[in-house]
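Student: using only what follows, build the 3D model:
(chains A and B)
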Amino acid sequence: MKYIIAIIQPHRLEKVLSELDNSEIYLRTVTQVMGCGRQKGVTEVYRGNVEHGNLLKKIKIEIAVNENFVEPCVQALIRGARTGKVGDGKIFILDLPECVRIRTEERGGLAIG
Amino acid sequence: MNRKILWLALGLIFFGAVPAGADAGGAISPADTAWLLICTALVMLMTPGLAIFYGGMVRKKNVLSTIMYSFFILCLISVEWVLWGYSLSFGPDRGGVVGTLANLGLAGVGMEPNGTVPGLAFMMFQGMFAIITVALISGTFVERMKFSTFFVFTLLWSTIVYNLLCHWVWGGGWLMKLGALDFAGGTVVHVSSGVSALVAALVIGKRKGYPEKTIRPHDLTLTVIGTALLWFGWFGFNAGSALTAGGLASLAFVNTNTAAAAAGLTWVFFDWSRHGKPTVLGICSGAVAGLVAVTPAAGFVDPMSAIIIGFGAGVFCYYAVSALKPRIGYDDALDVFGIHGIGGTWGAIATGLFASKAINPAGADGLFLGNPGQLLIQLAGVAASWVLAGGATFVLLKFLDAVMKLRVTEEEEDIGLDLTQHSESGYTVLE
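Tutor: As a prediction, this is how the structure comes out:
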């Protein structure tokens, strides 16, 4: 089992979620985060003070998958999130030793869903 | 040297004007003046109130741009009004169509009485109506209209549509001569903005993802605050249109509150019965619909009729918003047509049904008091508003689309208008 964390541009979220749906990956957790990589952010101006963002708004998506869904998940994320510009984001793939469904106490691959 | 001349000139104008005003003070009623000035301030507050009402209903990434439309209009039309707007609307009549530019730059508008209040007070009160009418339209094109094009459109629409219609109905134009009754702006404000919004929605097109994707209000608490400011300000809008402090203003006040309440209840009960739960957005929408509908009738009908007018607003506007809009498929994002267009049309018609000379001798009797003629006159007024507002808006938008494009790009629409049009964010994430 693997735990996949993707950091993406907020305005790509809709596309990413629909690509995940197309790949039959329906279980996910989404949070709003601040982050930066090499991207220059959108400029904000307050009463003439110009701020070039260094921490930018991003979206984090977390998905637990069985081995056979890892590559489809990664491809779906890339298809949804890629714009070709700096700032598209990153995908981290972690090993997931155990997973439990709270309602039924199922474990392992069954619990992933 | 130039500075000194400027201050001297201003001083002469100011101090020169005061004695003249005081001499002509015989006809001025302090009570009416105080009342009208307060009402002017109340109606002014409705525009920022509208900004907040709309702001809560859009997505977080567009909240500032939505508010900016209304606030910018407040500044823009405030200046337009004192330059040429007032003159075109209320200046000496030319052919029943428009006022002349005799009052350009407020020439001839001073402390001398216009009725029982200083001319400046009447002018300013009317100016607040011009401002909010244009601001209402913005609810239809939120989340996708380019700010620069919006600025030009607003200025042209106000000059061509509002000033003309205002003159027709209130400024001595042909609808006024025909006897059309519009106490505080059913046609001038609500039908005009509502129909213009419908045309704008059709010309500008739908937001990306509409209607398959549900676009949710990001903060309904803002919408509630906005509704409260609108309801409160509407007392100034309707009761102030009596232009006097006394019985007529009191009647308009009572009709305003009663219709708003009846419409709010009606909408809530529709929500409750059709979807199982009464909603906050429903009661807010209903109350506003009721306020819209009673606007043309407020000083011509009795409170029992106001209940029926409010109920009707709840029914017709609820239908327009929940059934008509999805069926036809236009993206009137914040239901300007459904609430103001339909509500104002119903209100103008209802005036032709319920108006009573016994209540207001300056008005007329409606259908239910044995005078079907008034209903026909009301329909003429409504039709004229639809044609002027709809037609002019269509031409203006088509022209502006060709010259400067109406919509932001798809990427800008994705990122949000706050950042792309204004370089600002409504809310921060960490601090």
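
Student: for chain B, what are the nearby residues on chain A?
Tutor: Applying Cβ under 8 Å from any Cβ of the partner chain, we find that chain A lies next to chain B at A:11-12, A:14, A:32-34, A:42-46, A:55, A:57. For the C-beta atoms, the positions are set from N, CA and C on the backbone; glycine is no exception.

Student: measure how far stretch B:146-156 is from the centre of its chain, please.
Tutor: Distance of stretch B:146-156 from the chain centroid (Cα atoms, centre = their mean, to the nearest Å) equals 18 Å.

Student: no no, stretch B:144-151
Tutor: The answer for stretch B:144-151 is 20 Å, by Cα atoms, centre = their mean.

Student: cool, and stretch A:87-104?
Tutor: 10 Å.

Student: mind picking the two most distant members of the residues of chain A next to chain B?
Tutor: Of all pairs drawn from these, the widest gap by Cβ to Cβ lies between A:Glu14 and A:Tyr46 and measures 29.1 Å.

Student: just checking, B:Met124 is part of a helix?
Tutor: Yes: according to DSSP: H, G, I helix; E, B strand; the rest coil, B:Met124 belongs to a helix.

Student: so how far is B:Pro118 from it?
Tutor: 9 Å (Cβ to Cβ, to the nearest Å).

Student: quick one: contacts for the residue in the stretch 51-200 of chain B positioned nearest to chain A?
Tutor: Closest contact between the stretch 51-200 of chain B and chain A, by Cβ to the nearest Cβ, is at B:Lys61 (8.1 Å). Each residue near B:Lys61 by Cβ atoms under 8 Å, 6 or more residues apart in numbering or on different chains is listed here: B:Ile415, B:Gly416, B:Leu417, B:Asp418, B:Leu419, B:Gly426.

Student: does the closest residue to the last one other than its chain neighbours sit in a helix, a strand or a coil?
Tutor: Of all residues beyond its chain neighbours, the one nearest B:Gly426 is B:Val63 (4.1 Å), with distances taken as Cβ to Cβ, 6 or more residues apart in numbering or on different chains. Using three-state DSSP, the three-state assignment for B:Val63 comes out as helix.

Student: likewise for B:Val79?
Tutor: Assigned by three-state DSSP, the conformation of B:Val79 is helix.

Student: what about it, neighbour count?
Tutor: If you count neighbours by other Cβ atoms under 10 Å in any protein chain shown, B:Val79 ends up with 12.

Student: of A:Glu14 and A:Tyr46, who's got more company?
Tutor: Between A:Glu14 and A:Tyr46, counted using other Cβ under 10 Å, the more crowded position is A:Glu14 (14 against 10).

Student: longest helix anywhere in chain A?
Tutor: For chain A, the helix with the greatest residue count under DSSP state H is helix A:67-81.

Student: buried sites along that one?
Tutor: Buried residues in helix A:67-81, defined by neighbour count with 16 or more other Cβ atoms under 10 Å in any protein chain shown: A:Phe69, A:Pro72, A:Cys73, A:Val74, A:Ala76, A:Leu77, A:Ile78, A:Gly80, A:Ala81.

Student: so what pLDDT did the third one get?
Tutor: Confidence at A:Cys73, expressed as pLDDT, is 96.

Student: is it true that it touches A:Glu62?
Tutor: No: in this structure A:Cys73 lies outside contact range of A:Glu62 using Cβ atoms under 8 Å: 11.2 Å.

Student: still on that earlier bit, look up how far B:Leu417 lies from the residue of the stretch 51-200 of chain B closest to chain A.
Tutor: Here B:Lys61 is placed at a distance of 7 Å from B:Leu417 (Cβ to Cβ).

Student: repeat for B:Thr214
Tutor: For B:Thr214, the distance to B:Leu417 - Cβ to Cβ - is 19 Å.

Student: looking at those two, which one has more neighbours?
Tutor: Using other Cβ under 10 Å as the criterion, B:Thr214 and B:Leu417 rank with B:Leu417 on top: 27 against 7.

Student: so what's that one closest to, chain neighbours aside?
Tutor: In space, B:Leu417 is closest to B:Ser65, 3.6 Å off (Cβ to Cβ, 6+ apart).

Student: how about A:Met1?
Tutor: A:Leu96 (4.1 Å).

Student: residues contacting the one you found?
Tutor: The contact partners of A:Leu96, taken as Cβ under 8 Å, 6+ apart, are A:Met1, A:Lys2, A:Tyr3, A:Ala64.

Student: of those residues, which is the most crowded?
Tutor: Neighbour counts for those, by other Cβ under 10 Å, peak at A:Ala64, which reaches 20 neighbours.

Student: what helix or strand is it located in?
Tutor: Assigned by DSSP states H and E, A:Ala64 belongs to strand A:56-65.

Student: pairing partners for that strand, with directions?
Tutor: Sheet partners assigned to strand A:56-65 using DSSP bridges are listed as strand A:2-8 (antiparallel), strand A:29-35 (antiparallel).

Student: send me it as CSV with only the CA atoms.
Tutor: The C-alpha trace of strand A:56-65 is given here as CSV (Å, rounded to 0.1, in the frame of the first residue of the first chain):
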residue,chain,number,x,y,z
LEU,A,56,1.8,30.9,-2.0
LYS,A,57,-1.6,29.2,-1.6
LYS,A,58,-1.6,25.6,-2.7
ILE,A,59,-3.8,22.6,-2.4
LYS,A,60,-2.7,19.3,-0.9
ILE,A,61,-4.4,16.1,-1.8
GLU,A,62,-3.8,12.9,0.1
ILE,A,63,-4.7,9.5,-1.2
ALA,A,64,-4.1,6.0,0.1
VAL,A,65,-3.9,3.4,-2.7
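
Student: can you name the residues in contact with stretch B:398-408?
Tutor: For stretch B:398-408, using Cβ under 8 Å, 6+ apart, the contacting residues are B:141, B:144-146, B:148-149, B:152-153, B:203-205, B:397, B:413, B:417, B:420-421.

Student: lowest average confidence, helix or strand, in chain B?
Tutor: helix B:2-23 (a mean of 48; mean pLDDT, DSSP states H and E).

Student: coming back round to it: pull up the overlap in contacts between A:Cys73 and A:Glu62.
Tutor: A:Ile4.

Student: before we move on, the earlier item: show me the contacts of stretch B:398-408 that map onto helices.
Tutor: Among the contacts of stretch B:398-408, the ones falling in helices (DSSP H) are B:Ser148, B:Thr149, B:Val152, B:Phe153, B:Val203, B:Ile204, B:Leu397, B:Glu413, B:Leu417, B:Thr420, B:Gln421.

Student: who's in contact with the last one?
Tutor: By Cβ under 8 Å, 6+ apart, B:Gln421 lies in contact with B:Ser65, B:Met68, B:Lys146, B:Phe147, B:Val408, B:Glu412.

Student: try the third one
Tutor: By Cβ under 8 Å, 6+ apart, the contact set of B:Val152 is B:Leu400, B:Met404.
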